[in-house]
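J.: Quick one, what's the 3D model for this:
(one chain, ligands or ions: 2)
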Amino acid sequence: MNILVTGGAGFIGSHTLIELYKAGHSAVVVDNLCNSSQESLRRVAAIVGIEHIPFCQVDIRDRDGLSHVFDAHHFDACIHFAGLKAVGESVEKPWEYYDNNISGTLVLLDVMRQHGCKNIIFSSSATAYGNPQQIPITEQCPKGQCSNPYGWTKSMLEQVMSDMQKADPDWNVVLLRYFNPIGAHPSGLIGEDPNGIPNNLMPYITQVAVGKRPQLGVFGNDYDTPDGTGVRDYIHVVDLARGHVAALKKIGQGSGLSVYNLGTGHGYSVLEVVHAFERVNGVSVPYVIKPRRAGDIATCYSDPSKALDELGWRAQYGIEDMCRDSWNWQRNNPDGYR
Ligand code: NAD
Ligand code: UD1
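T.: Ligands and ions are numbered 1, 2, ... in the order given. Presented below is the predicted three-dimensional model:
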């Protein structure tokens, strides 16, 4: 299939491109590079052994720009990664998040249907469950109250796409709820390249390990968890990327509306991740305990069995692989793509 990959220069998009090409698909990337670099696409091309990845520097809110891309290419489906994702920033700049993520997706969906492309895979998040009513979280678990505008954009966009699919069954919509993607391609050539101070755990750990930051702050050790620190379902980004290829197969069969958790089903605490990272990589990660971070929950991990039953997908990599590959990327690229 020929796939439009919005946000394809970013962390998850770049890893997904590799798995798409490996599975025999082709892709065109649309990205405005607001949180990424074209260097990632050059490296993806090198990994998959092609000259270049077709790329259009377009903002998805730019209707004319996007229409030109659709006029120039035939797409069988879109994998839609483009969006802003920093939780704290979304609290400071809600309008910018609603405009970018919601307006951008509305424009994309409209241009897609005008061009007769009604197959979409959407990057949603476990954040849509809010404070989950059950652990492990199944897709049956009701959506919850999000603690920030970023989360609401995911929750609202799920609703928009579900309603559109209900009104027009020609749409095939796959909502993928990611748990906590970490790790990097085993080549060490591509990985996560956050701007400024990382918000998320793994990029912070790797920056401490490489000496860019003195110590990790562990946000709370008084949660109701085995060691008191927050428990999450970390998933290797290569596994996550393969989940999209599995979802494409499903969409090709006319799947209607479907939603899947992409996680491993295992929860690790912050301190378990720190210790696994130190053990696997032979480096030390100094940390201090800090107060809880607003909006955090104690425990969040998936029941990923629906994706196994219906997509034939399951995560292959474990926490050690994730720690090794995150470090391999950071060590080889201390300044990311710069
Ligand atoms: P990323 O920031 O690395 O990639 C997003 C890409 O979208 C970037 O390359 C950015 O330049 C591009 N982009 C943003 N707004 C755009 C616009 N208006 N027009 C065109 N391009 C635009 O983030 P990521 O970690 O790869 O995440 C990809 C998607 O998955 C996002 O939608 C994110 O919300 C979602 N997600 C990520 C995580 C995570 O932990 N990384 C978890 C759950 C969901
Ligand atoms: C966060 C977002 C979530 C988003 C996801 C992926 C919040 C409240 N949630 O999830 O909406 O989908 O990122 O982008 O921000 N931690 C530390 N020290 C740090 C960083 C994190 O102790 O410096 C802890 C956190 O308290 C948490 C765990 O590590 O227990 C994982 O945090 P993080 O990587 O930010 O992911 P989430 O909070 O699960």
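J.: roughly how far is the one helix or strand Val5 maps to from the heart of the chain?
T.: Using DSSP states H and E, Val5 sits in strand 2-6. Using Cα atoms, centre = their mean, to the nearest Å, the mean C-alpha position of strand 2-6 is found 16 Å from that of the whole chain.
J.: average pLDDT for that strand?
T.: In this model, strand 2-6 carries a mean pLDDT of 99.
J.: Please give me every residue in contact with Phe55.
T.: Applying Cβ atoms under 8 Å, 6 or more residues apart in numbering to Phe55 gives the contacts 8-9, 28-29, 31, 38, 41. For every residue, glycine as well, the C-beta is placed using N, CA and C.
J.: Skip the chain neighbours and tell me the closest residue to Gln316.
T.: Take Gln316 and drop its neighbours on the chain: the residue closest to it by Cβ to Cβ, 6 or more residues apart in numbering is Asp239, 5.8 Å away.
J.: The one you found touches Ile319, doesn't it?
T.: No: between Asp239 and Ile319 there is no contact under Cβ atoms under 8 Å: 12.0 Å.
J.: Just the ones of the contacts of Phe55 in strands?
T.: Within the contacts of Phe55, residues falling in strands by DSSP state E are 28-29.
J.: got the contacts of Phe55 as a markdown table, with neighbour count columns?
T.: A markdown table is the format used below for the contacts of Phe55 (neighbours: other Cβ atoms under 10 Å):
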| residue | neighbour count |
| --- | --- |
| Gly8 | 30 |
| Ala9 | 28 |
| Val28 | 20 |
| Val29 | 29 |
| Asp31 | 27 |
| Gln38 | 16 |
| Leu41 | 23 |
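J.: and which of the contacts of Phe55 is nearest to Asp168?
T.: Proximity of the contacts of Phe55 to Asp168, judged by Cβ to Cβ, is greatest for Val28, which lies at 24.2 Å.
J.: confidence score at the nearest residue in space to that closest one that is not next to it in sequence?
T.: Leaving aside its sequence neighbours, Val28 sits nearest to Pro54 (Cβ to Cβ, 6+ apart; 4.4 Å). With respect to pLDDT, Pro54 scores 98.
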